[in-house]
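K.L.:
Predicted model and sequence below, questions to follow.
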Amino acid sequence: MKYFDHGDDLLELIKTVKFKLETEKIQFWLDEGTLLGAIRDKKIIKGDVDVDFSITHTNLPKLLDICNSLKLDGYHIKYQKYLPFVEDLVQIYPKHSSKMEGMHIDFNIYYLNNDSAVRRDFHYPVSPYAEALLLFSRALHKGGNINTKLSLLFSIFPGSIRIWMSQQIMKFYIFFFSTIWQVVPKYYFTEFQSIKFLDMSFDVPSDYQDYLAFRYGDDWGTPNSKWLWKSSVDKAIQYRKLNSISITLTNSPIHHTT
């Protein structure tokens, strides 16, 4: 069966990452669009540009160690959309994707808080002022597709100073601003079952049908080509102040040499 149209390099990436996760005994599961495709279509949904794996925040240090190993093997890693702290998103790209575009693996990292599994998604601000702060933070941190004039301006500062400035901007941002959160009842991520997908075994939430209804509505079994996450019926979406819970900040590895 043909599972997707993205070539053997993506399948090789999935197998490599899966092997490393299992070697480190990290609990991970299929989530979001990949879970929907695996259950409903038995393949990756046409048009998807990522494969969604999820883990809990306690496994972030181990995931970062795995990323270091993958980088040494020639894979490419993007941390929290090029921000100086990594909390709920790591993206892994095949070896040929040096520009980190196209098909990749998304790691959705959930922080367990009381009865909820939470992603603050602090790369999804809800104000133009916050967007501006993220632009400056990214430029200082030397990440990806940023404003080249800002990069040139900030290049007068030593790398360590740029990183420190980027981190201070983000601390200010986290204290004052709101983002689009994803908040899921924790019980969905406490029990799992195994399914066959891509000719491999993957864990999925045991009550995956109810979980898919929570994320995509009761008609999740019917494909919807016009579906958009931010305007969807996804009950996980909430708009909250970032500082309404306290999560220990983890420094992002440097994306580029300075």
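P.N.:
Done, it's in. Numbers count the residues shown, from 1 in each chain.

K.L.:
So what's the residue count around residue 74?
P.N.:
Residue 74: 10 surrounding residues under other CB atoms under 10 Å. Heads up, the C-betas are built off the backbone N, CA and C, glycines and all.

K.L.:
That one - nearest residue in space that isn't next to it in sequence?
P.N.:
Counting by CB to CB, 6 or more residues apart in numbering, residue 74 lies nearest to residue 95, which is 4.4 Å off, once chain neighbours are set aside.

K.L.:
Could you do residue 122 as well?
P.N.:
Excluding the flanking residues, the one nearest residue 122 by CB to CB, 6+ apart is residue 179, at 5.1 Å.

K.L.:
So what pairs up with that neighbour in the strands?
P.N.:
Beta-bridge partners for residue 179, by DSSP bridges, are residue 125, residue 240.

K.L.:
Please report how far residue 38 lies from residue 31.
P.N.:
10 Å (CB to CB, to the nearest Å).

K.L.:
Sorry, slip of the keys, the one I care about is residue 160.
P.N.:
Applying CB to CB to residue 160 and residue 31 gives a distance of 36 Å.

K.L.:
Give me the more crowded residue out of these two.
P.N.:
Neighbour count, other CB under 10 Å: between residue 160 and residue 31, residue 31 has more, with 25 against 9.

K.L.:
you'd agree that one is up against residue 52?
P.N.:
Yes: counting by CB atoms under 8 Å, residue 52 is a contact partner of residue 31 at 4.6 Å.

K.L.:
what do those two both touch?
P.N.:
Residues within reach of residue 31 and of residue 52 at once, by CB atoms under 8 Å, 6 or more residues apart in numbering, are residue 108.

K.L.:
dump the residue contacts of residue 207.
P.N.:
When the contact criterion is CB under 8 Å, 6+ apart, the partners of residue 207 are 187, 188, 191.
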